[in-house]
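# need coordinates for the below:
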Amino acid sequence: MKQFLILAIIVLSIAQIVARPVEYSDGNDDVLAPEPEPTEIPIGKYLLFTTKANWIEATKQCRSKNMKLISILSEEDNDNVVKVIKAAGEGRIGFWTSGNRRKTNGVYFWGNEKKITYTNWEAGKPDNVRSNNGEEEQCIEIMGLNILKWNYRFCSNELYFICEEPHESIDETQPISLLFAQQILTVQMFGYYENNENEEVLTPEPEPEPLYDLVKKYHIFTTRVSWADAMRHCQSEGLQLVNILSKEDNDNVIQAIKDANQGEIGFWTSGSRTNNNGTYVWGNGQPLTFTDWENGVPDNLHAHTGYGQEECIELKGYHILKWNDHLCSYRLYYICEENTKQNLFSK
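Here you go, the predicted model:
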């Protein structure tokens, strides 16, 4: 009985050691921390990234590793990719592939310019949902929730992604092209003709130009004008009164104001509801999807005091820099924006 008790204690001690989480020292022996989870998981020719990125960023990160976002050319490729995801203990969050649907004739392509022939869509997909700002679902993911079937997503969504060593047939000089959330300009087009067997054949037209980001540059004006005069002045300079379409835009505009040591006086944006039945839109016609209103606004305050309707959006002064609805006739500083093209893959 005594020997059995000693054996049980030894087994329990070993189990506790095995179950103990891996620890590492950061140079201070008094401080131990769990070993960080890997964000890059190499398995065979694949490299899984378990940090989230949009489709464009995923493509760029793969290229920075001299790899490609995965193309799934056959059932064997698909089975291998699914096995790799499961082997990494992943599947709850979706993974980007290189597949996308070009604006020309809605044809599906992989990032290596091969037309998609084998498919493994989830039932009812692709369904091509369109967002309020006009973005279409154009990029192919391997679905999360451990479904691991193909699905179409907005290319601006952030997912995990998988890079692979390039297939020998990939032409590394070919750029990848798609329309991305109205932030990406592409001029790569393809034509089609029919051969003698009436089979559709893809034929490249003139040398494609590369994919570009539209990079915003801000011009801050510290003369006080009405909203309409701010709009006119920006247009006279070949610019436009600032549109804030996302949190990233908002953060960048606020940083530009701070960099210019401004903020005491408010700044006009292009947002207004003057010609849209009471609904706020930006100067480029897009609806407000992201907002950063000051607490309690929009409140149309001046309408209650007889001064008129507050129908234009300012970035509020007094260094608050939250959104506020204001009389369009009020005189504020203003910000014009300039969109410049930057080659996506030369950054």
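
# every contact and neighbour count from this point should use C-alpha atoms.
Noted.

# how close does Ile85 get to Gly94?
As judged by CA to CA, to the nearest Å, Ile85 and Gly94 stand 10 Å apart.

# of the two, who's got more company?
Neighbour totals were compared for Ile85 and Gly94, and Gly94 leads with 25 against 22 (other CA atoms under 10 Å).

# correct me, but that one touches Trp150?
No: Gly94 lies out of contact with Trp150 (CA atoms under 8 Å); the separation is 9.5 Å.

# between the two, which contacts overlap?
Shared contacts of Gly94 and Trp150, defined by CA atoms under 8 Å, 6 or more residues apart in numbering, are found at Glu141, Ile142, Met143.

# of the residues you listed, select the buried ones using a ChimeraX command.
Buried residues among the shared contacts of Gly94 and Trp150 (16 or more other CA atoms under 10 Å), as a ChimeraX selection:
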select :141,142,143
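
# A helix includes Glu57, no?
Yes: per DSSP: H, G, I helix; E, B strand; the rest coil, Glu57 lies within a helix segment.

# got the CA coordinates for stretch 257-265 in PDB?
Extracted in PDB, the C-alpha atoms of stretch 257-265 (Å, rounded to 0.1, in the frame of the first residue of the first chain):
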ATOM      1  CA  ILE A 257      -4.900  69.800 -36.900                       C
ATOM      2  CA  LYS A 258      -2.700  69.100 -33.900                       C
ATOM      3  CA  ASP A 259       0.400  69.100 -36.000                       C
ATOM      4  CA  ALA A 260      -0.600  72.500 -37.200                       C
ATOM      5  CA  ASN A 261      -1.000  73.700 -33.600                       C
ATOM      6  CA  GLN A 262      -4.700  74.400 -34.200                       C
ATOM      7  CA  GLY A 263      -7.900  73.300 -32.500                       C
ATOM      8  CA  GLU A 264      -9.100  76.300 -30.600                       C
ATOM      9  CA  ILE A 265     -11.400  77.300 -33.600                       C
END
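
# okay, the shared contacts of Gly94 and Trp150 in JSON lines with pLDDT next?
Shown next, in JSON lines, are the shared contacts of Gly94 and Trp150 (pLDDT from 0 to 100):
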{"residue": "Glu141", "pLDDT": "94"}
{"residue": "Ile142", "pLDDT": "94"}
{"residue": "Met143", "pLDDT": "92"}
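
# just the ones of the shared contacts of Gly94 and Trp150 in strands?
Counted as lying in strands by DSSP state E, out of the shared contacts of Gly94 and Trp150, are Glu141, Ile142.

# make JSON lines from the shared contacts of Gly94 and Trp150 and add distance to Arg331 to it.
Shown next, in JSON lines, are those (distance: CA to CA, whole Å):
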{"residue": "Glu141", "distance to Arg331": "48"}
{"residue": "Ile142", "distance to Arg331": "52"}
{"residue": "Met143", "distance to Arg331": "51"}
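
# and of the shared contacts of Gly94 and Trp150, the nearest to Leu321?
Glu141 (37.6 Å; CA to CA).

# quick one: residues contacting the closest one.
Here Glu141 is in contact with Gly94, Phe95, Trp96, Thr97, Gly99, Trp150, Asn151, Tyr152, Arg153 (CA under 8 Å, 6+ apart).

# same question, Val281
For Val281, the contacting residues are Gly271, Ser272, Arg273, Pro287, Leu288, by CA under 8 Å, 6+ apart.

# hmm, 10 Å instead?
Going by CA atoms under 10 Å, 6 or more residues apart in numbering, Val281 touches Asn243, Ser270, Gly271, Ser272, Arg273, Thr274, Asn275, Pro287, Leu288, Thr289, Cys312, Ile313.

# please identify which helix or strand holds the second one.
Read that as Ser270. Assigned by DSSP states H and E, Ser270 belongs to strand 267-272.

# and the helix or strand following that strand, what other elements does it pack with?
Counting by DSSP H and E, the next helix or strand C-terminal to strand 267-272 is strand 310-315. Packing partners of strand 310-315 (3 or more CA pairs under 10 Å, 6 or more residues apart in numbering; DSSP states H and E): helix 227-236, helix 247-259, strand 267-272, strand 323-327, strand 332-343.

# picking that back up, so which of the contacts of Val281 comes closest to Lys52?
Closest to Lys52, out of all of those and judged by CA to CA, is Thr289, at 21.7 Å.

# that closest one: how many residues sit nearby?
Neighbourhood size, Thr289 [other CA under 10 Å]: 13.

# then Glu294?
15.

# was I right about it contacting Trp323?
Yes: judged on CA atoms under 10 Å, Glu294 makes contact with Trp323 at a distance of 5.5 Å.
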